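J.: Sequence and predicted structure, then a few things I'm wondering about:
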Number of protein chains: 2
Amino acid sequence: MAKILDCTLRDGGYYTNWDFSTDIVNRYFTSFNHLPVEYLEIGYRSKPMGKYLGEFFYCPDYVLENVKQLSNKKLVIILDEKDVLKEDVAELLRPCLGIITMVRMAIDPKNFKRALGLAEEVRKMGFEVGFNVMYMSKWREHPEFLAQLKDVQGLCDIFYMVDSYGGVFPEDVRNTYNLVKGQVDVPIGFHGHNNMELGLINTLTAIECGADIVDSTITGMGRGAGNLKTELLLTALNAKENLEVDFNALSQVTDAFEQLQKEYEWGTNLPYMVSGANSLPQKDVMEWVSKRYYSFNSIIRALHNQKEKKQDNEHLPKFTSDKKYKKALVIGGGPSSLKHRTALHNFIENTDDLCLIFASSKNAGYFVDTDKDQYFSLVGNEGFRLSAVFDKIENFRGTCILPPFPRKMGTFIPEKIRNHSYELEGVFTKIVDDSHTVLALQTAFELGVEQLYFAGYDGYSDDKIGTKEQELFVENEELFKAAAEKGITLHSLTPTRYKGLGTDSVYAHLT
Amino acid sequence: MAKILDCTLRDGGYYTNWDFSTDIVNRYFTSFNHLPVEYLEIGYRSKPMGKYLGEFFYCPDYVLENVKQLSNKKLVIILDEKDVLKEDVAELLRPCLGIITMVRMAIDPKNFKRALGLAEEVRKMGFEVGFNVMYMSKWREHPEFLAQLKDVQGLCDIFYMVDSYGGVFPEDVRNTYNLVKGQVDVPIGFHGHNNMELGLINTLTAIECGADIVDSTITGMGRGAGNLKTELLLTALNAKENLEVDFNALSQVTDAFEQLQKEYEWGTNLPYMVSGANSLPQKDVMEWVSKRYYSFNSIIRALHNQKEKKQDNEHLPKFTSDKKYKKALVIGGGPSSLKHRTALHNFIENTDDLCLIFASSKNAGYFVDTDKDQYFSLVGNEGFRLSAVFDKIENFRGTCILPPFPRKMGTFIPEKIRNHSYELEGVFTKIVDDSHTVLALQTAFELGVEQLYFAGYDGYSDDKIGTKEQELFVENEELFKAAAEKGITLHSLTPTRYKGLGTDSVYAHLT
């Protein structure tokens, strides 16, 4: 029977920045005292990383001592091989002596040789050593790594196959297991991700092959799509192998993390499935999913194109304009542009030398019915939105502006507006080059605009702002500041929380 | 390559009572027009069932017509074999002619013979006929069913293996496939549930065996833990078999149902895992999970005991009492018992011939510090709560009252209070026999109480009430009414929304 290692705090830390409440920490360790799990991996040890990372990323002395008090399990910490020099090992791990049983190392196969040196230092101190070698679905692309495999003999207590992309199938687990066992006689571990909901079956397959240890986390909490769920593994082993499980303890700890899951929403979804199935980096997906202006659609599309190595990045005609305007009104996606639309219509019709720039197509349908010239920022999913808006309209007469080439999310333009689409040569700032707002601002610069009005740039109401919204809010403020420094004036005609937009009122402009 | 049948609306209806918004229905059918799925199962046809069931449970004419307009797929409806007489088939299915391609029947293997008669009628009308035979993990316990298998020849276009409990493993799929194919040469289908997150691998295994058709639903929406996710199946087949998938269409429909999922929260969890792994009826789990007074802990415990056929139902001494009181104060779990605790303490100390009955142990810690006699309702998770409250107290002097024997959730009593625990002989009503409130009321009757005061029975604030809370609220109202009819008077000392509790104020009793 394989041993089980639970790494909820370590791997779940990717969502909480390695901070957990005292309550949940206590519940975690006291519950596991009653569960048939041999090792608990509690976090990283690390040199200062120059940004905020929480308690279980550094696991200082007092954390180690506290955990030792709470837990009757073998305790594990992990090092990120690329961030640790072997000269630093002694100092980094000294506080772990007498508390930590095993030290694991997360290793990119291309740094495998260097990792052997690190392992030697760790082992000298008396710790068990785990090699967590990532990207198992791509190991065959690293013959130099495979050739060095046998050098782990004597340095390694557990050699882990890590399904970093979450895309391996049971037959891949079996093949990789045999590949390693064919080279070197060392205990084998398996760390499975759950992008394809194959965490359980892959892990059971590893156990069937003869794996000595397998990883899981409560509720699957872990980077991106997350891991095999500890409660699922224990339930399966209870039913299939009569493993004794205290379901009261198990449900107590599971309950606690389910509450946290509602807040952080780890687990798989379509982009994670696609990245897993095609061994594409989950990190890109996480970054894209967390940006509010990329829709699922664009992400799937970009991933899919990456997979097919399809250059989805056609060059478009560059956007230049002989037409110039003194003023432009930028219409955002906030509710205030609808609330005040009668007044805004009035403003539009009665202001000379004005054009419209739709930062988002969300509210465009309410404003297109005007003779003024119209420009549309096209980023992420906007192409789809725009087709929805214009599907019923015969002659599209707007101009669509896309980010500069090459575009991270590729180029999606509905057929109907293809002849109206242009790309920017570049943008005026390094902050971002493909958000709705930066496109709107750059368009204004290209059109020679001096006075820039905004509507529907509400910011967010305090009770609704999440992390994504907050980041976008800060990014927009930076953009407004940078644009003002270029000599354009910016005013919001509707209520706004943006400090970078001068306050003005659409009603002050009406006659 | 197997065909795919998506049954999101039919199986997802268990969560929405078969009502879906026009938006989501449109999005569903228009997106699927671009996806490599052959059949869409849209719902049931049924005779009136005498309770509210929505649009897609009855699929009236206009629904069928509308779907036909929206969709370019083969359409399917399902009949619940146990609810349909073969005499009624012609009338029930006439509106489906020319619109519906396949009629499936959900069949309990013990009614298999009767189902053959039904199939004959359906087939006569020209529909393809699907046999969805449930409980595949228990087929071997039904030799009479296995012996009749070959009679489907000529009556059945697809013979489905249904993993009703969601607990089969790939090897079980393979064995059952071979079992059926050994008896009869008929196209095979597979309908997998996701309790153990084995929906994908079981379905891929069925395809590998040679299955002709497999089921899935968007986001896995479906009864209990739900189904294999359509987006996961398509992503896997795209990566492994080069199945062409329009990921834009796929993500549009997935997005829409993910929103719904946040509201209804289908998907697996620990009780579903345990019921799946042990082939225990999910229906019990659903009912228990939806009752607010059963904790996960008690459910897991009950399931686990069911599995081990362990009679977790020890007889306790019957609760009788020579001690009688004129008055009792029932303390519930609502916040008002804390808010007014100083006054309540005062009331308790200054009221003669009074005892305390803790309906919930939630706030018990704040009131135990009194000389008055104390009784505790012990249902579901209360035992755990009580140990938390009393862990620091040396001598527990309360009396714990459990529901009558046998208890659905078994008997869990922490060691510390075992000698203080008694069971009721019965309760005064048929409404329920194991809720917090009924135990408190019955205890009051046993103690001869004439005046019953309540604190912390707030009801729920309007903006926070969910379905579970509402059901519990209604149940409590019924209990108060029934208790009043037995001649006891009921008054709430703190603000309450319960109409069955006379309003009173703790402050009116203070000197």
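T.: Perfect, thanks for sending it.
J.: My read is that A:H420 contacts A:L402, right?
T.: No: if you go by Cβ atoms under 8 Å, A:H420 and A:L402 don't touch, sitting 11.0 Å apart. C-beta coordinates here come from the backbone N, C-alpha and C atoms, glycine included.
J.: out of these two, which sits in the more crowded spot?
T.: A:L402 (24 against 17; other Cβ atoms under 10 Å in any protein chain shown).
J.: Residues in a beta bridge with the more buried one, which ones?
T.: A:E423 (DSSP bridges).
J.: Can you list the buried residues in stretch A:357-377?
T.: For stretch A:357-377, the neighbour count (16 or more other Cβ atoms under 10 Å in any protein chain shown) marks A:357-364, A:367-368, A:372-377 as buried.
J.: That stretch spans what distance, first to last residue?
T.: One end of stretch A:357-377 to the other measures 7 Å (Cα to Cα, to the nearest Å).
J.: Please enumerate residues in contact with that stretch?
T.: With contacts defined as Cβ atoms under 8 Å, 6 or more residues apart in numbering or on different chains, stretch A:357-377 is touched by A:323, A:325, A:328-333, A:337-338, A:341, A:344-345, A:348-349, A:354-356, A:382, A:385-386, A:389-390, A:393, A:397-401, A:436-437, A:439-440, A:443-444, A:447, A:456-457.
J.: Just give me how far stretch A:491-508 sits from the chain centre.
T.: The chain centre lies 33 Å from the centre of stretch A:491-508; the measure is Cα atoms, centre = their mean, to the nearest Å.
J.: quick one on the thing from earlier: farthest pair in the buried residues of stretch A:357-377?
T.: Across these, no pair lies farther apart than A:K362 and A:D373, at 19.9 Å, counting by Cβ to Cβ.
J.: out of the buried residues of stretch A:357-377, which are inside strands?
T.: Using DSSP state E, the members of those that fall in strands are A:357-358, A:374-377.
J.: List the contacts of A:G226.
T.: A:11, A:193-194, A:217, A:219-220, A:266-268.
J.: ok, of these, which come out buried?
T.: Buried among the contacts of A:G226 by 16+ other Cβ under 10 Å: A:11, A:193-194, A:217, A:219-220, A:266-268.
J.: of all the residues in chain A, which ones are close to chain B?
T.: Counting by Cβ under 8 Å from any Cβ of the partner chain, chain A comes close to chain B at A:167, A:169-170, A:194, A:196-201, A:229, A:231-232, A:235-236, A:238-240, A:247-248, A:250-252, A:254-255, A:258, A:268-270, A:273-274, A:277-278, A:295-297, A:300-301, A:304, A:384.
J.: So which of these belong to helices?
T.: A:170, A:199-201, A:231-232, A:235-236, A:238-240, A:247-248, A:250-252, A:254-255, A:258, A:270, A:273-274, A:277, A:296-297, A:300-301, A:304, A:384 (DSSP state H).
J.: Any chance of a ChimeraX selection covering the buried ones in these?
T.: Provided next is the ChimeraX selection string for whichever of those are buried by 16+ other Cβ under 10 Å:
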select /A:170,199,200,201,231,232,235,236,238,239,247,248,250,251,252,254,255,258,270,273,274,277,296,297,300,301,304,384
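J.: domain assignment for chain A?
T.: Residue ranges for the domains of chain A, per the TED database: A:3-267, A:327-508.
J.: since we're on A:S336, how many residues are nearby?
T.: Residues lying near A:S336 (other Cβ under 10 Å) number 22.
J.: Would you reformat the contacts of A:G226 as JSON lines and include pLDDT?
T.: What follows is the contacts of A:G226, written out as JSON lines (pLDDT from 0 to 100):
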{"residue": "A:D11", "pLDDT": "97"}
{"residue": "A:H193", "pLDDT": "96"}
{"residue": "A:N194", "pLDDT": "97"}
{"residue": "A:T217", "pLDDT": "98"}
{"residue": "A:T219", "pLDDT": "97"}
{"residue": "A:G220", "pLDDT": "98"}
{"residue": "A:W266", "pLDDT": "92"}
{"residue": "A:G267", "pLDDT": "93"}
{"residue": "A:T268", "pLDDT": "93"}
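J.: nearest to B:S492, of the residues you listed?
T.: A:T219 (38.9 Å).
J.: Might one say that that closest one is in contact with A:F257?
T.: Yes: with contact defined as Cβ under 8 Å, A:T219 reaches A:F257; the gap is 4.4 Å.
J.: tell me, what's touching those two both at once?
T.: In contact with both A:T219 and A:F257: A:T8, using Cβ under 8 Å, 6+ apart.
J.: how about low-confidence regions in the stretch 351-500 of chain A?
T.: Applying pLDDT under 70 to the stretch 351-500 of chain A flags the ranges A:380-385, A:388, A:390-394, A:461-467.
J.: For it, just list every one of the helices.
T.: Using DSSP state H, counting those that start in this stretch, the helices found in the stretch 351-500 of chain A span residues A:382-390, A:436-446, A:467-485.
J.: Double-check A:H436 against A:V379; I have them as touching.
T.: Yes: under the criterion of Cβ under 8 Å, A:H436 makes contact with A:V379 at 5.7 Å.
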